[in-house]
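[1] Using only what follows, build the 3D model:
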Amino acid sequence: MKTEGSSKTLVIAEKPSVAQDIVRALTPVAGKFDKQDDHFENDRYVVTSAVGHLVEIAAPEQFDVKRGKWSFAHLPVLPPYFDLKPIEKTKSRLKAVVKLAKRKDVGDLVNACDAGREGELIFRLIQQYAGSVKAGQYQALEKPAKRLWLQSMTPQAIRDGFEQLRSDEDMMGLANAARSRSEADWMVGINGTRAMTAFNSRDGGFFLTTVGRVQTPTLSIVVEREEKIRAHKARDYWEVHASFLANAGEYPGKWFNPDFKKPTGDDADPDVRADRIWDHREALAIVEAVKGKTASVKEESKPSTQACGLLYDLTSLQREANGRFGFSAKTTLQLAQSLYERHKALTYPRTDSRALPEDYLGTVKDTFQMLAGSGMKHLAPHAKTALDNNYIKPSKRIFNNEKISDHFAIIPTLQAPGNLSEAEQKLYDLVVRRFIAVFFPSAEFQVTTRISSVSAAPGSPKQGGAPSGGSDAHEVASVGARHVYHFKSEGKVLVRPGWMAVYGKEAADETEGKDGKDGDKGGKVLVPVEPGETVRTESIEAKGLKTRPPARYSEATLLGAMEGAGKLVDDDELREAMQEKGLGTPATRAAIIEGLLTEKYLLREGRELIPTAKAFQLMTLLRGLQVEELSKPELTGEWEYKLSQMEQGRLSRDAFMAEIAAMTERMVKKAKEYDRDTIPGNYATLATPCPNCGGVVKENYRRYACTGKSDGGEGCGFSFTKSPAGRTFEIEESEAFLRDKHIGPLQGFRSKAGWPFAAELVLKFSEDDKNWKLEFDFGDDKEEESGELVDFSDRDPLGKCPSCGASVFEHGSNYVCEKAVPTAAQPTPSCKFKSGKIILQQPVEREQIAKLLETGKTDLLDKFISMRTRRPFKAFLVWDGEAGKVAFEFEKRESKYPARKTAAGGKTAPAKKAAAKKAAPAKKAAAKKTRKPSSAPGKKPSTELAAVIGAEPVARTEVVKKLWDYIKANGLQDASDKRKVNADDKLKPVFGKDQVTMFEIAGIVGKHLSD
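    Next comes the predicted model:
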């Protein structure tokens, strides 16, 4: 209830754009709003917003366990309650929202966050954080709260929502489910990760082993696919392809068995097909029997239609962008977020809905009007066609409130974007094409299936069926003493393009079977055959082929597997609970995949995602400890089922959390009490013999160990760990290490404190133990590892460190910044710049590292060797300023996508667009800095520098920032190499030349400043 007098209602939306929509909708009925720094306000309402989650849960300090204490002695961590802490990057926004909530003239709150579980949690955590702290716990702010529940963002829908606010009691089930899911994820993720890390670190070191309710089942999907690929044994089979001559010309056909039935059951052979022959002699017998013979023809031709795909949700957009452009899921989300937040060109992208609200017909028509009048010549005519032909009509396939949860589908807004980067333009075009096409009529085809039957002399053996022949083989059809061989030809002709016109030739190619094989031309036009006409076998051959393993996952197919993970669940109720959820949410799936890549569970090679040895080791551990539920989607299904019951008031929050605590305790106990030497698993045998006794070296869970010359004996005691310093060897690496007794330098090791480092490894013979031992070899870098001071006084520097500007020297097996190692001038290192002299077996000469330091890039180096494939590859070494490390850059290939045409019909160069794109924010940044000048002691700029930044005394750091603002605002970064800056008339006197590298600027500035 509101208090008396001037009490106002604080409305908290989830995003600034929604807050603005609410203000626009309420203005006609509640009066004009004044815009403040962080909110809108009138006599009745204060409207503000979060920016997603502002608060996160954490264990209270007394129950928290820091990384250095990750041992079983401190597990499980089951705090009696959860503390709250601000998310670091949005602290200022949280402070502003809490300040508004605590205002004396604010009498009640309205939760206007997104209509779903996460929206409920965002508001509840802010509400709790804004309250008082009693007995160490946050208590919810004691002001009444109601819920605005919106599925449509039209002004009228928002006004209707305010007329029908839901009570706090009505939302308690959803709030409990939201909190429970968040806390359960924390308990399982934290305890699981720490228990598995403690187990794997028993032999010393710190072997970080992360697990999670979504992350681990996702990894399991990829590992199981890789296991099938590795277990696959290619088998030979044959297809018989013929060409038949009719009066109108030739057409292809492929032999098939018309009596074939696809095998079913768990042991069904997935490689069996109606058109595969498993014996070469049988295939040749068909060729001999049919060669030169005539054939009768039966044909069925029928119309077929195909509707356009649904509007995009985030997952389908990520899959499409990965398949078409190779964009990672993370990249697609970033581009879509930029098009939503910065350019205001797309609606909210983190959605799992592919439908629009039922009251959005008018908005859609307005959007079509905008597109029809835009300068996009490749899309505007289609938008106009849709308007002229009245294609935009109510349809449950497109407008359906029942198919909308928190957000509706991703569509273009009424704002036409400008100055998009090439990648942003590609993604925007993708969304706009689908948005236009979904309203067009279905495409119409004429589909023809033709069976050419050859009656030939007897003598042909059994055909088709299983590879072994036997009882599953099928006899060919026979007539009297002759056999009939059947050949299938398929054609598909586009009669009316419908929505495919929006996609042009590209879509037509797709529907015309561009992937069709000879004799199976799905989508190709077949020459006509007259009724009753007899054709002749013009040519025929048996093609030898091999079965293939299933394809590896790409990000597109893995996103699809995550979305459809419920199909893998056997239990009907759990599968139903996961039907709309899958593993993760559209907003989190990209982060889950990136997390698996970061933790080295997966490698990205081209578009394939490949599980590492560390991934297989984790799956082996979970199976061996009998905690496989962590790797199964059933866990998510079970949670979703119970959380759904909680939302409906059928299950208490306390009961659910008690089950989670019990599961967590069991998981930790299994790991803690496991006392066998190894974990059962499918382990490898290395080809290289034991260096000590010549015996067989086999893998177990923790080590590679000699098993003696008889492969099963006790061995000589030689072994080496599979995971030195927390980095797991791949099988190929182990083989190379044992063979060469040396490997590296390799990345990804972790010190006992958890910090990453790179090193070489060697096998050295120990006189004390009379055996070979694994050791780290830091070369001449031992001073760095031991903490001894390094003296660079007798060495020549190679250039300036791109990270801090100090000098870079050759040091042992690396090139290092002088501030990255302990020296007399600076005993405590402050910089992290280091680059190996040998990277993936490619020597990096002094000249190349000097060039990288000066220009940001080496020459193209061509002797890198992939550790996984052992194949050589070419790349540049470049300085990645964002990541703060040396990285690979591959040769640029000419894009198969032409430059985007502007409204005037010219072509826009991507580099110029990128420069223009950055100009506007640069001006804003400059404006902000003039309002808040630096308080640091200033230096006087020279006359030349003052012409660019002004004559006021200024700190050196501010000078560099102001120069970059000027460079970006005027588009002076070189179009072909952004690390270079072209001088205009003002900058040339400062630089002293026409062009400088970004690394030279800081040094040049110093010459133009005086006290």
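[2] list the buried ones in stretch 244-258?
    Residues of stretch 244-258 classed as buried: Phe244, Leu245, Ala246, Tyr251, Pro252, Gly253, Lys254, Trp255, Phe256, Asn257 (neighbour count, 16 or more other Cβ atoms under 10 Å). Glycine gets a C-beta too; all of them are placed from N, C-alpha and C.
[3] name the element the fifth one belongs to?
    With the criterion set as DSSP states H and E, the secondary-structure element containing Pro252 is strand 249-256.
[4] and Ala423, which of the three is it?
    Here Ala423 takes the helix state, with states given by DSSP: H, G, I helix; E, B strand; the rest coil.
[5] hang on, it packs against Phe327?
    Yes. Counting by Cβ atoms under 8 Å, Phe327 is a contact partner of Ala423 at 7.2 Å.
[6] okay, and the common contacts of the two?
    Leu335 (Cβ atoms under 8 Å, 6 or more residues apart in numbering).
[7] The two: which is more packed in?
    Using other Cβ atoms under 10 Å as the criterion, Ala423 and Phe327 rank with Phe327 on top: 23 against 18.
[8] part of a helix, is that one?
    No. Per three-state DSSP, Phe327 lies outside any helix segment and is coil.
[9] which ones are touching the nearest residue to it once chain neighbours are set aside?
    Distances taken as Cβ to Cβ, 6 or more residues apart in numbering place Ala321 nearest to Phe327, at 4.2 Å, with adjacent residues excluded. Going by Cβ under 8 Å, 6+ apart, Ala321 touches Phe327, Thr331, Thr332, Leu335, Lys426, Leu427, Leu430.
[10] now with 10 Å?
    312, 327-329, 331-333, 335-336, 423, 426-427, 430-431, 555-556 (Cβ atoms under 10 Å, 6 or more residues apart in numbering).
[11] nearest to Leu609, of the residues you listed?
    Glu555 (6.7 Å; Cβ to Cβ).
[12] Give me the distance between that closest one and Glu594.
    Per Cβ to Cβ, to the nearest Å, Glu555 is found 10 Å from Glu594.
[13] shared neighbours, those two?
    In contact with both Glu555 and Glu594: Ser328, Ala329, Lys330, Arg604, using Cβ under 10 Å, 6+ apart.
[14] Of those, which qualify as buried by neighbour count?
    Ser328, Ala329, Lys330.
[15] got TSV for the residues you listed, with distance to Thr216 and pLDDT too?
    Formatted as TSV, these follow (distance: Cβ to Cβ, whole Å; pLDDT from 0 to 100):
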residue	distance to Thr216	pLDDT
Ser328	21	90
Ala329	18	91
Lys330	20	90
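[16] Now flag whichever of the residues you listed is closest to Ser17.
    Lys330 (21.9 Å).
[17] The biggest helix by length in the chain packs against which elements?
    The longest helix of the chain (DSSP state H) is helix 172-200. Contact analysis of helix 172-200 by 3 or more Cβ pairs under 10 Å, 6 or more residues apart in numbering; DSSP states H and E lists strand 55-58, helix 117-129, helix 215-231, helix 613-624, helix 634-647, helix 653-672 as its packing neighbours.
[18] Just the CA trace of the fourth one, in PDB.
    Extracted in PDB, the C-alpha atoms of helix 613-624 (Å, rounded to 0.1, in the frame of the first residue of the first chain):
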ATOM      1  CA  ALA A 613      42.300 -35.600 -22.800                       C
ATOM      2  CA  LYS A 614      41.200 -33.500 -19.700                       C
ATOM      3  CA  ALA A 615      37.600 -33.900 -20.900                       C
ATOM      4  CA  PHE A 616      37.900 -37.700 -21.200                       C
ATOM      5  CA  GLN A 617      39.600 -37.900 -17.800                       C
ATOM      6  CA  LEU A 618      36.700 -36.000 -16.200                       C
ATOM      7  CA  MET A 619      34.100 -38.400 -17.700                       C
ATOM      8  CA  THR A 620      36.200 -41.400 -16.500                       C
ATOM      9  CA  LEU A 621      36.400 -39.900 -13.000                       C
ATOM     10  CA  LEU A 622      32.600 -39.300 -12.800                       C
ATOM     11  CA  ARG A 623      31.800 -42.800 -14.000                       C
ATOM     12  CA  GLY A 624      34.400 -44.300 -11.700                       C
END
